[in-house]
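Chemist: This is the structure alone, sequence omitted:
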Ligand SMILES: NC(=O)c1ccc[n+]([C@@H]2O[C@H](COP(=O)([O-])OP(=O)(O)OC[C@H]3O[C@@H](n4cnc5c(N)ncnc54)[C@H](O)[C@@H]3O)[C@@H](O)[C@H]2O)c1
């Protein structure tokens, strides 16, 4: 696939300028740009700046409100619930995790849920906020259905992502961030556009039977949960914590955050999200936690390697290495992301970025 180089600074400035044109406040635009561009530096291009164009279209439709601010509506010592009031979802999620961290500083653990919100991008960004404060962070959200469950046919649950981050002394947290489906929907759609088949275990057809032919998706068929009943079980936990507990719209009641998807129920998305911070130094001393984490990381890295393998990664290491390279040499964006950004420039009437084709 073609790739194009852009510097993180240029991409952030472009995102801020595009968001200003939608009437978004400067500080909110800056924070959102940081979240989305960081995601692209990790190489998680499915959930970085690519998401901005469809998300911004929610503002003129009245599904999001640039003047709204999320509000804490109920709280205890270690928990809070926020009404997102359809404010910019990246900013709401950032505030929710910041509050969970603040609660964890006082109580050892903080739990903050949110409803009346929309797409927050990569769940992992918010989990790493806690790790930066020497806390274990978790973030998750429910979503409109795209995924089958064992025994069913068609879409039953969302691809409900779940992420955690764990602090490490070297400043590069262990960081795991996944959808609970076997593969992301846009990986299947990309294969369909390219006329390619997909690996077994990703998709069922209209009859609920496994298929490697993506041509019917997303109109018919459904994504399979990761590891069958195991991914289903985690997706259900996310639906309960982020959906049932928050008052957000559940499963088929929830319109996709992407506007004008065929079959989208009318109204606002009202997605639910959940953020947890656990003070890593509350139960054992911070120094002992770090020492034990270092031991565990070394133990895993030094495990005997399989034939053909020269390295074992901890979750997050691939992303931190990509980020280091992106900050030094620029981000390599795949062509579908570049197309979205060019479309966004056209939507708001600003110059597109000078994307340099990657030749090597
Ligand atoms: N907001 C939403 O509605 C929504 C919905 C679904 C997914 N998402 C996001 O999509 C993104 C991608 O999800 P995905 O399911 O495609 O992720 P994925 O399958 O690419 O897995 C990524 C995770 O696996 C780890 N990993 C990969 N290879 C590894 C290895 N060899 N050893 C150790 N760890 C390894 C990575 O460090 C990373 O944490 C996530 O950021 C998720 O939050 C968001």
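Modeler: Yes, it's here. Source: prediction; values computed, not measured. Numbers count the residues shown, from 1 in each chain.
Chemist: Helices of the stretch 201-350 of the chain, residue ranges please.
Modeler: 229-238, 286-301, 317-329, 335-348 (DSSP state H, counting those that start in this stretch).
Chemist: Can you lay out the ones you listed as JSON lines showing mean neighbour count and distance to residue 55?
Modeler: To be clear about C-beta, it is placed using only N, CA and C from the backbone, and glycine gets the same treatment. Formatted as JSON lines, those follow (neighbours: other C-beta atoms under 10 Å; distance: least, C-beta to C-beta, whole Å):
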{"stretch": "helix 229-238", "mean neighbour count": "18", "distance to residue 55": "21"}
{"stretch": "helix 286-301", "mean neighbour count": "13", "distance to residue 55": "35"}
{"stretch": "helix 317-329", "mean neighbour count": "15", "distance to residue 55": "22"}
{"stretch": "helix 335-348", "mean neighbour count": "17", "distance to residue 55": "10"}
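Chemist: of all these, which lies closest to the ligand?
Modeler: helix 317-329 (5.0 Å; C-beta to the nearest ligand atom).
Chemist: name the helices or strands packed onto that closest one?
Modeler: Secondary-structure packing of helix 317-329 (3 or more C-beta pairs under 8 Å, 6 or more residues apart in numbering; DSSP states H and E): helix 26-41.
Chemist: tell me the mean pLDDT for the helix it packs on?
Modeler: Averaged across helix 26-41, pLDDT comes to 98.
Chemist: likewise stretch 286-293?
Modeler: On average, stretch 286-293 scores 97.
Chemist: Run the chain-centre distance for it.
Modeler: 28 Å (C-alpha atoms, centre = their mean, to the nearest Å).
Chemist: which residues sit against it?
Modeler: Stretch 286-293 is touched from outside by 134, 166-169, 174, 280-281, 284, with contacts defined as C-beta atoms under 8 Å, 6 or more residues apart in numbering.
Chemist: Going by residue numbers, what spans are strands in the protein?
Modeler: Along the chain, the segments classed as strands by DSSP state E run 3-6, 71-75, 79-83, 109-117, 135-141, 162-166, 174-178, 203-204, 210-211, 222-223, 271-279, 331-334, 356-357.
Chemist: who wins for proximity to the ligand among those?
Modeler: strand 174-178 (3.9 Å).
Chemist: Walk me through which strands that closest one pairs with, and which way each runs.
Modeler: The strands beside strand 174-178 in its sheet (DSSP bridges) come out as strand 162-166 (antiparallel).
Chemist: Show me what the longest helix along the chain is packed against.
Modeler: Secondary structure of the chain per DSSP state H: the longest helix is helix 89-107. Secondary-structure packing of helix 89-107 (3+ C-beta pairs under 8 Å, 6+ apart): helix 26-41, strand 79-83, strand 109-117, helix 123-131, strand 135-141, strand 271-279.
Chemist: Dump these to a markdown table, plus distance to residue 309 and mean neighbour count.
Modeler: Shown next, in a markdown table, are these (distance: least, C-beta to C-beta, whole Å; neighbours: other C-beta atoms under 10 Å):
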| stretch | distance to residue 309 | mean neighbour count |
| --- | --- | --- |
| helix 26-41 | 26 | 20 |
| strand 79-83 | 43 | 21 |
| strand 109-117 | 37 | 25 |
| helix 123-131 | 25 | 27 |
| strand 135-141 | 28 | 27 |
| strand 271-279 | 32 | 27 |
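Chemist: biggest separation within the contacts of stretch 286-293, which pair?
Modeler: 174 and 284 (17.0 Å; C-beta to C-beta).
Chemist: Neighbour count: these two, which is higher?
Modeler: Ranked by neighbour count (other C-beta atoms under 10 Å), residue 174 and residue 284 place residue 174 first, with 19 against 11.
Chemist: Show me how to select, in PyMOL, the buried members of the contacts of stretch 286-293.
Modeler: Applying 16 or more other C-beta atoms under 10 Å to the contacts of stretch 286-293 leaves a buried subset, and the PyMOL line that selects it is:
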select buried, resi 134+166+167+168+174+280
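Chemist: Which single one of the contacts of stretch 286-293 is nearest to the ligand?
Modeler: residue 174 (8.7 Å).
Chemist: how is this protein carved up into domains?
Modeler: Listed domain ranges for the chain are 1-56+330-360, 68-177+227-328, 182-224 (source: automatic domain parsing).
Chemist: So the closest residue to residue 169 other than its chain neighbours versus residue 133, what's the distance?
Modeler: The shortest distance from residue 169 to any non-neighbouring residue, by C-beta to C-beta, 6 or more residues apart in numbering, is to residue 290 (4.6 Å). For residue 290, the distance to residue 133 (C-beta to C-beta, to the nearest Å) stands at 14 Å.
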